[in-house]
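*Asks:* I'll drop the sequence and a predicted model, then ask my questions.
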Amino acid sequence: MDTVVVHPGLLLAADEGGGAALDQVALMTAIAGVISAGLGLIAYLHRTRKITWLQTFAEFAGRLFRRPPWVALPSLLFTTTIITAMFGFIWDVSLHIGRGRDSGPLANPAHYFILFGLFFLFIGGVLAMILPREEEGTPPGSQSGRIPVKITRTWYAPTGGILIATAGLYALIGFPLDDVWHRIFGQDVTLWGPTHLMLIGGAGLSLLAIIILDWEGAAAPKLHRDDAGELVGEDGRPPGRGSFMVWFGRAMMAAGLVIGMSVYQVEFDFGVQQFRAVFHPTLMLAAGVFALVIARLLAGRGAALFAVLAAAIIREVIAWIVWVPAEAPHSDFPLYLGIAIIVEILALTPLVHRRLLFGTVAGVLAGTLGFFLERIWVNAVFPIPWNHGFNTEALLMAIPSATISGLVAALFVVAVRGEELPRPAIRRGIMVGFVAIAAIVTANGLTYHTPDLTATVTFADAAEDDGNTMRTATIELSREIPDDAEWVQVMAWQGGESELRGLHIDTLRKVGPTTYETTKPFPVGGTWKTLLRVQNGKEMGAVPLFLPADPGIDATEVVAASGQPYPFQQELSILQRERKADASALAFGMASLVVLACTLAFIWLLGWGAVRVNRARREQMAEVDGEPADQRADDGGDSAPRARHTTGHTR
């Protein structure tokens, strides 16, 4: 019989650098239990018709947005909660950048906004599942759309509701798992930690789930054609056109998708990226084309431009609140205006009717022309510009990433609009290609080495800034670094509350072949972590100039001596100082693979939901045009009937 070994870090009280106190974990668990019990009680009272207020509110939202109540109310709740979660997320990242780690989930005010948003994301999905009630004399499941999932003998839930609830639950599970992770591996202090990716991935992908729910609701009502051949509902009005609220709702979903797909880049937004700069354009262009192809093809004319405008306003409001009232570091944000213009212009051509080709061409243009258009914004506002040194590698990564993202986005659009899907082999090939390109690009981006380089730093005192000890420096490197290197900078972070907001980034001025000067004084002392950073292609390293003593992780103070040469070190060993050096690399890799597998499984689940919506839409259109609808429960297989009028203009 095998022996089961439990990691001691899971049983003992965590130190300052490894996870939350057990009382905070217990309190959070109790709160989650109370909320879940309350939600269960509301569900029971609603479905047994002991309360009416929930149905009344849902029907009011349904009339406003011209959708079934089980779509309208969760969508309304979703919009509020996802913005709340986004605010908490940006504030949380900002706090960690400016002040360092916190002592637990309840010690960080930003966590309350994240938890509130994620809890209500889950609640929104559950509401979509419990709102449909069977009326007397109606067939089972008839009030839950055309593709309900059977939960019990009398309970059928909309597919989109299940997906939203799953996204919320997946993200929420990331909170306790994050504590377990830190207990085993220490504080990794990076957005790209596996459990952090669960949190942001669940929230980001929930935007696709809400789109699926919206189009599932659009497939629910019976339609017919009026004398002019226009599709109208029982009230004689077009169901998806002619209503500003419908367009606005879908355009706002697209804006949310723009924000949701951008969360993986947030370290670059603050200028504290811990990985190679070539990731930035790759992530930005792939996210932009994915979100904006969906925006234009699902919401209609002008939706891509509206989505980037709304997303920019939301992000700037959040950044201002975090910067001014909260006194934390400011974040910039990708504008995506160049990609939006490309998508909108491309949609004026006949390609808009050939969805997959449209998405592919949009991706190619975003990965090429979009790269140079977005660079204008990045170089104007971001703390670290896109230097010309990585042009070739960036394009080699961005073009395939953007192309496959545009193709996948178009495939998603074809599915939810109820248009004819390509054969299963082609669909699977597209998704396998997406995973393969993502894996290759990620592996290349993570390939780097510490440069064989030394730095001699000569310090000079400068005037204090809000109580911070400040210095300037002249830096002599042991060999020349190209002028177009990704960055040569002094960065200081986690300095705490002050006018500097705990973050300082200074791109150095080159004054000789191997000599650099700081352009402004940098802080040392206190809790500041100050380092010299260099990235040139696949060379990436740093020299610590000042690191404070940290009893919580048994670390001593590091102070660089003026005029003393120091070799460059692996940068992550400095930036992620709290990570436990004795943690098993195998365990780290296996845990990361588990998170990856869960994320891929959820992406597959979204694809399953989109194909089900495709079947529902095709059945709806078949009814309109008098074609016999295939009633086989094959979840929208390729034997489903071809629907007419599905390749016309995007409304």
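*Replies:* On my side now, so go ahead.

*Asks:* so residue 499 makes contact with residue 466?
*Replies:* Yes: judged on Cβ atoms under 8 Å, residue 499 makes contact with residue 466 at a distance of 4.3 Å. Where C-beta positions appear, they are placed from N, C-alpha and C, glycine not excepted.

*Asks:* separation between the closest residue to residue 559 other than its chain neighbours and residue 457?
*Replies:* Sequence neighbours aside, residue 546 is the residue nearest to residue 559 in space, at 5.7 Å (criterion: Cβ to Cβ, 6 or more residues apart in numbering). Distance of residue 546 to residue 457, given as Cβ to Cβ, to the nearest Å: 11 Å.

*Asks:* quick one, what contacts residue 120?
*Replies:* 77, 80, 81, 84 (Cβ atoms under 8 Å, 6 or more residues apart in numbering).

*Asks:* again, only this time at 10 Å
*Replies:* 35, 77, 78, 80, 81, 82, 84, 85, 127, 168 (Cβ atoms under 10 Å, 6 or more residues apart in numbering).

*Asks:* State the distance from the last one to residue 129.
*Replies:* It stands for residue 168. From residue 168 to residue 129 the distance is 12 Å (Cβ to Cβ).

*Asks:* which residues of the stretch 151-300 of the chain score low on pLDDT?
*Replies:* The model of the stretch 151-300 of the chain has pLDDT under 70 over residues 223-224, 226-243.

*Asks:* cutoff 90 now
*Replies:* In the predicted model of the stretch 151-300 of the chain, residues 152-155, 172-199, 217-250 satisfy pLDDT under 90.

*Asks:* Could I get the full set of strands for it?
*Replies:* 156-157, 224-225, 231-232 (DSSP state E, counting those that start in this stretch).

*Asks:* can I get the CA coordinates of the longest strand along the chain in CSV?
*Replies:* The strand that spans the most residues within the chain, counting by DSSP state E, is strand 454-465. Only the C-alpha atoms of strand 454-465 are listed here, as CSV (Å, rounded to 0.1, in the frame of the first residue of the first chain):
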residue,chain,number,x,y,z
THR,A,454,28.6,42.7,-14.5
ALA,A,455,27.6,46.2,-13.3
THR,A,456,29.7,48.7,-11.3
VAL,A,457,27.4,51.3,-9.8
THR,A,458,28.6,54.6,-8.4
PHE,A,459,26.0,56.3,-6.1
ALA,A,460,25.4,59.9,-5.3
ASP,A,461,23.1,61.2,-2.6
ALA,A,462,20.0,63.2,-3.7
ALA,A,463,17.4,65.2,-1.8
GLU,A,464,14.8,63.2,0.2
ASP,A,465,11.4,62.7,-1.3
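
*Asks:* got the buried residues for it?
*Replies:* 455, 456, 457, 459, 462, 465 (16 or more other Cβ atoms under 10 Å).

*Asks:* Following it in sequence, what is the next regular element?
*Replies:* strand 468-477 (DSSP states H and E).

*Asks:* quick one: strands adjacent to that next one?
*Replies:* Strand 468-477 pairs in its sheet with strand 454-465 (antiparallel), strand 515-517 (antiparallel), strand 522-524 (antiparallel), by DSSP bridges.

*Asks:* Of those strands, which is nearest residue 398?
*Replies:* Minimum separation from residue 398 across the strands paired with strand 468-477 (Cβ to Cβ) falls at strand 515-517, 29.3 Å.

*Asks:* Turn the buried residues of strand 454-465 into CSV, including distance to residue 609 and pLDDT.
*Replies:* Converted to CSV, the buried residues of strand 454-465 look like this (distance: Cβ to Cβ, whole Å; pLDDT from 0 to 100):
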residue, distance to residue 609, pLDDT
455, 53, 98
456, 59, 97
457, 56, 97
459, 59, 97
462, 58, 96
465, 53, 89
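
*Asks:* Can you tell me which of those residues is nearest residue 178?
*Replies:* residue 465 (34.3 Å).

*Asks:* Now for that closest one: which residues touch it?
*Replies:* Contacts here follow Cβ under 10 Å, 6+ apart; on that basis residue 465 touches 498, 499, 500, 504, 520, 521, 522, 523.

*Asks:* So the last one is in contact with residue 463, correct?
*Replies:* I take that to be residue 523. No: Residue 523 is beyond contact range of residue 463, at 11.8 Å (criterion: Cβ atoms under 10 Å).

*Asks:* tell me, what's touching the two both at once?
*Replies:* Joint contacts of residue 523 and residue 463 (Cβ under 10 Å, 6+ apart) are 469, 470.

*Asks:* So for residue 68, what's the pLDDT?
*Replies:* Note on residue 68: pLDDT of 89.

*Asks:* Please apply the same query to residue 637.
*Replies:* 33.

*Asks:* what do you get for the one 10 residues further on?
*Replies:* pLDDT, residue 647: 35.

*Asks:* Residue 396 now?
*Replies:* Taking residue 396 on its own, its pLDDT is 96.

*Asks:* how about the helices in the stretch 551-651 of the chain?
*Replies:* 571-575, 585-624 (DSSP state H, counting those that start in this stretch).

*Asks:* what does the average pLDDT come to for the last one?
*Replies:* Per-region confidence: helix 585-624 scores 88 on mean pLDDT.

*Asks:* Give me the below-cutoff pLDDT ranges for the stretch 351-500 of the chain.
*Replies:* 388-389, 465-467, 496-500.

*Asks:* Let me see the ranges of the helices in it.
*Replies:* Under DSSP H, counting those that start in this stretch, the stretch 351-500 of the chain gives helices at 355-381, 391-417, 424-445.

*Asks:* looking at these, which is buried most?
*Replies:* helix 391-417 (a mean of 24; mean count of other Cβ atoms under 10 Å).

*Asks:* so what does that one touch, helix or strand wise?
*Replies:* helix 194-218, helix 244-261, helix 279-299, helix 337-346, helix 355-381, helix 424-445, helix 585-624 (3 or more Cβ pairs under 10 Å, 6 or more residues apart in numbering; DSSP states H and E).

*Asks:* And for residue 534, nearest residue in space, chain neighbours not counted?
*Replies:* residue 488 (5.3 Å).

*Asks:* and the longest strand of the chain, how far out from the chain's middle?
*Replies:* Relative to its parent chain, strand 454-465 has a centroid offset of 38 Å by Cα atoms, centre = their mean, to the nearest Å.

*Asks:* From the contacts of residue 120, list just the buried residues.
*Replies:* Buried, going by 16+ other Cβ under 10 Å: 77, 78, 81, 82, 84, 85, 127, 168, out of these.

*Asks:* nearest to residue 510, of those?
*Replies:* residue 85 (42.4 Å).

*Asks:* residue contacts, that closest one?
*Replies:* Counted by Cβ under 10 Å, 6+ apart, residue 85 has contacts 113-121, 168, 171, 199-200, 202-203, 206, 260.
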